[in-house]
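> missing the sequence, but the structure's below:
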């Protein structure tokens, strides 16, 4: 017997775009799904009249909107605001809603800077590298040095994390030397070894082998770390060979070496077109 799910409210003609997530939603079920899946990214900017107006006018849930308006006016608890929406729609069980509440309560202890960083980190995970770099730059431009007086204070770790993830984004754009600068600045901010390892990795990728060896030789303090980096790269290469992408790369090399040039160039063209399309989409909102 076919199971029928009845949606709550109307399907909106105009979507609502959740601030920070850049995700358009057209109905209450989509809204609930985004709230649950991205609870760790949410902050009180969600509690706006625009969202409540959309729920009341576009989705036709005026009774729910009336309950939410006072919470927005008084800037009440984010967890209570989200829970009210989830409970009204009834898409999730009581246990799941309680889990979402817990995530929101734990996130309430984060600073505004940390919340905004988490939102941009989400773009990095989605491969939106140019957009992420742009937003990290905005975040860094608003950084106040009095948020921490030395590298041991939490504020500096947040700044180092922003710089590191900006470097990750630049790496995704194949801007390796610019990425190296970000990783080095991150290391100079809080001296965490992972930042320096990433700095060396970006240098190694952006330089020729001769240039990189010369670079390491001129910095004796980098020698031990560079050896560890080579071990890590060797391990990762071994793991990559066992993946589907690794096997495809091996096929390409075999076709090229074995003389099947047509098959090789057809596959290279297909992969190149796909990469170009992904890159074009990477800066989209």
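Perfect, thanks for sending it. In this text, all values refer to a predicted model and were calculated from it rather than measured experimentally.
> Which SSE is immediately downstream of the helix or strand containing residue 183?
Per DSSP states H and E, residue 183 falls inside helix 176-190. The helix or strand immediately downstream of helix 176-190 is helix 193-206, counting by DSSP H and E.
> So what touches the following helix or strand past that following helix?
Note on helix 193-206: by DSSP H and E, the next helix or strand toward the C-terminus is helix 209-217. With contact meaning C-beta atoms under 8 Å, 6 or more residues apart in numbering, helix 209-217 is reached by 200, 203, 204, 207, 222, 223, 226. For the C-beta atoms, the positions are set from N, CA and C on the backbone; glycine is no exception.
> Mind doing that once more with 6 Å?
For helix 209-217, contacts defined as C-beta atoms under 6 Å, 6 or more residues apart in numbering pick out 204, 222, 226.
> Closest one of these to residue 280?
Comparing those against residue 280 with C-beta to C-beta picks out residue 204 as the nearest, at 28.3 Å.
> Who's the closest spatial neighbour of the closest one, skipping the chain neighbours?
residue 212 (5.0 Å; C-beta to C-beta, 6 or more residues apart in numbering).
> same question, residue 118
Nearest to residue 118 is residue 41, by C-beta to C-beta, 6+ apart, at 5.3 Å.
> which residues does that neighbour contact?
118, 119, 122.
> Mind putting those residues into CSV with distance to residue 234?
As requested, the contacts of residue 41 are exported to CSV (distance: C-beta to C-beta, whole Å):
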residue, distance to residue 234
118, 33
119, 36
122, 32
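> Go through the residues you listed and flag which are in helices.
Among the contacts of residue 41, the members falling in helices are 118, 119, 122 (criterion: DSSP state H).
> ok, back up a step: the residue nearest to residue 118 and residue 204, how far apart?
33 Å (C-beta to C-beta, to the nearest Å).
> which stretches of the stretch 1-150 of the chain have low pLDDT?
1-6, 144-150 (pLDDT under 70).
> Go again with 90.
1-9, 18-23, 37-46, 74-77, 99, 102-128, 139, 141-150 (pLDDT under 90).
> what ranges do the helices span in it?
28-37, 49-57, 62-73, 78-89, 94-107, 112-125, 129-141 (DSSP state H, counting those that start in this stretch).
> From the contact counts, what lies against the third one?
Contacting helix 62-73 under the criterion 3 or more C-beta pairs under 6 Å, 6 or more residues apart in numbering; DSSP states H and E are the following elements: helix 49-57.
> chain center to the helix it packs on: distance?
27 Å (C-alpha atoms, centre = their mean, to the nearest Å).
> Measure how that helix sits relative to helix 78-89, angle-wise.
Note on geometry: by axes from the mean of the first three to the mean of the last three C-alpha atoms, to 10 degrees, helix 49-57 and helix 78-89 are set 10 degrees apart in direction.
> Let me know the angle separating helix 49-57 from helix 28-37.
140 degrees.
> Any chance you could list what contacts helix 49-57?
16, 61, 62, 64, 65, 68, 69, 72.
> And that helix, what's buried?
51, 52, 54, 55, 56 (16 or more other C-beta atoms under 10 Å).
> so who does the residue nearest in space to the middle of the chain touch?
Central residue of the chain (C-alpha atoms, centre = their mean): residue 122, 2.2 Å from the mean position. With contact set as C-beta under 6 Å, 6+ apart, residue 122 has these partners: residue 41.
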